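Q: coordinates only, no sequence provided:
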């Protein structure tokens, strides 16, 4: 089997249309190499030799499992523990005087962000709630498997404090001494599930006190961003906050949110 050498303009255009329809992700011609490299693996696994054949297979079976593999291949999952760390003191301060505090992490990726949220809440509030206080969702089923397992490289937690490492992680032994596992008590405070932000219904237990949706909206066009901001507003309790990525900026003119601080949005009706 020999894979075709190029991804044609026509095939790239159709792939862009399909991922936009299914996941709201905008892919332009500058992402050609990324699309080629990531989907080439799918073609090899399916023993296909052309992107046009792959597209035909997707279109012929709109409910097939390959659609999820297609989405998984084209989503980007860059994350780390306490990434964009300035948000976590904001979260801690916000949580202090609000009972039954709950957070929706809308782009869980491999679990570092929801774990960072859960650690912050545990340090701030203690274990006052039995069961999940962080609902962590992602469109990508593969990253959710890793997140649910809670296993990471020792180097992934090198920037955490010694106390955080001791309280929230167990180190492997022998051949696994380079790995750590999230302690079961912390993992129990997080509920992972698959969710597409474009779905008409979000099956999460709203309303929340805070929503983390960081470094996701940059992959959507403005129309989709505005639509999601309106929907997020309906998922928050009065006085709730939405935390976005550092490179994401949303107009608050006539919208449901007002910007206070670095990419921290409060419901406008609570000014």
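A: Here it is on my side, so go on. The model shown is predicted, which means the values in this text are computed figures rather than measured ones.
Q: quick check: residue 206 touching residue 233?
A: No: if you go by Cβ atoms under 8 Å, residue 206 and residue 233 don't touch, sitting 10.8 Å apart. C-beta: built from backbone N, CA, C; applies to glycine.
Q: give the bridge partners for residue 243, please.
A: Residue 243 forms beta bridges with residue 212, residue 264, as assigned by DSSP bridges.
Q: ok, it - how many residues close by?
A: Neighbourhood size, residue 243 [other Cβ atoms under 10 Å]: 25.
Q: give me the nearest residue to the most centrally placed residue in the chain, chain neighbours excluded.
A: Note on the chain: the residue nearest the mean C-alpha position is residue 107, at 1.4 Å, using Cα atoms, centre = their mean. Leaving aside its sequence neighbours, residue 107 sits nearest to residue 216 (Cβ to Cβ, 6 or more residues apart in numbering; 4.4 Å).
Q: need the contact list for that neighbour.
A: 106, 107, 197, 245 (Cβ atoms under 8 Å, 6 or more residues apart in numbering).
Q: are any of these buried, and if so which?
A: Listed as buried from these are 106, 107, 197, 245; burial here means 16 or more other Cβ atoms under 10 Å.
Q: what's the farthest-apart pair in these?
A: Every pair in those was compared (Cβ to Cβ); the two farthest apart turn out to be 197 and 245, at 14.3 Å.
Q: show me where this structure has its helices.
A: Secondary structure of the chain by DSSP state H: the helices cover 9-23, 32-46, 51-60, 66-74, 87-95, 112-125, 141-149, 162-168, 184-187, 222-234.
Q: among the ones you listed, which is nearest residue 175?
A: That would be helix 141-149 among those, by Cβ to Cβ, at 17.0 Å.
Q: contacts for that closest one?
A: Contacts for helix 141-149 (Cβ under 8 Å, 6+ apart): 68, 72, 77, 108-111, 114, 136, 138, 181, 192-194.
Q: got the buried residues for that helix?
A: Applying a neighbour-count criterion of 16+ other Cβ under 10 Å, one finds 142, 143, 144, 146, 147, 148 buried in helix 141-149.
Q: picking that back up, show the buried residues in the contacts of helix 141-149.
A: Buried subset of the contacts of helix 141-149 (neighbour count, 16+ other Cβ under 10 Å): 68, 72, 77, 108, 109, 110, 111, 114, 136, 138, 192.
Q: now, these that are in strands?
A: Among the buried ones among the contacts of helix 141-149, the ones falling in strands (DSSP state E) are 136, 138, 192.
Q: which residues does the first one bridge with?
A: Applying DSSP bridges to residue 136 gives these bridge partners: residue 105, residue 192.
Q: where does it land on pLDDT?
A: What the model reports as pLDDT for residue 136 is 98.
Q: pretty sure it is touching residue 112, no?
A: No: taking contacts as Cβ under 8 Å, residue 136 lies outside contact range of residue 112: 10.5 Å.
Q: related to what we said a few turns ago, closest one of the buried ones among the contacts of residue 216 to residue 267?
A: Ranked by distance to residue 267 (Cβ to Cβ), these are led by residue 106 at 16.4 Å.
Q: run through the residues that contact residue 252.
A: Residue 252 neighbours (Cβ under 8 Å, 6+ apart): 258, 259, 265, 268.
Q: on that earlier part again, identify the farthest-apart pair in the contacts of helix 141-149.
A: Using Cβ to Cβ, these span at most 26.6 Å, a distance reached by 68 and 181.
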